[in-house]
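S.K.: sequence first, then the predicted structure, then my questions.
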Amino acid sequence: MDIRPLTDSYAVAPQITPEDMAAIRAAGFTTVIDNRPDAEIPPDLRAGPMGEAARAAGLDFVVNPVVGGQITTENVTAQRDAMAAARGPVLAYCASGNRSSIVWALARAGTIGIDELIAIPARWGYNLEPFRPLLSDLAARR
């Protein structure tokens, strides 16, 4: 498991497993957000088994499947709502952590400076520069 903190309250990770949930809880996370569509992964890593394992470990589990290159307004709203409702730190995962970083930045647009929204994920190798115009647009609407 490779947890990559973006802030004190939000981290991303590449694909995790049901067996990771106890360690995620022990690391202080309270909510896990699944940003990976079920169609991408084998049955044992789909939302059903992952959610069962998360709940058994005492974690809240949110399903917000983000299709690469097709992030929707609904994805951004769902991520923002899940972060706001969390009882503590959030861990979001997808295949590499990239989509979880992008949807986080889009959800936070207008609350954190755009340069920072791009720089924070870049520490982990995620390039959000192509999203600068969208981040600017979302920030202007807030």
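M.R.: That came through fine.
S.K.: dump the residue contacts of Pro18.
M.R.: 44-45, 49-50, 52-53 (C-beta atoms under 8 Å, 6 or more residues apart in numbering). In short, each C-beta sits where N, CA and C put it, glycine included.
S.K.: for the chain, which segments count as helices?
M.R.: 21-26, 47-56, 73-85, 98-108, 114-122, 132-141 (DSSP state H).
S.K.: before we move on, the earlier item: export the contacts of Pro18 as CSV, with columns for neighbour count and pLDDT.
M.R.: Listed next are the contacts of Pro18 as CSV, based on neighbours: other C-beta atoms under 10 Å; pLDDT from 0 to 100:
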residue, neighbour count, pLDDT
Asp44, 11, 95
Leu45, 18, 96
Pro49, 14, 97
Met50, 25, 98
Glu52, 13, 98
Ala53, 21, 98
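S.K.: which two in the residues you listed are spaced the farthest apart?
M.R.: Greatest spacing in the contacts of Pro18, by C-beta to C-beta: Leu45 and Glu52 (12.1 Å).
S.K.: flag every buried residue along the helix-or-strand element of the chain with minimal mean pLDDT.
M.R.: For the chain, counting by mean pLDDT, DSSP states H and E, helix 132-141 ranks last in confidence among helices and strands (a mean of 91). Judged by neighbour count (16 or more other C-beta atoms under 10 Å), helix 132-141 contains these buried residues: 134-135, 138-139.
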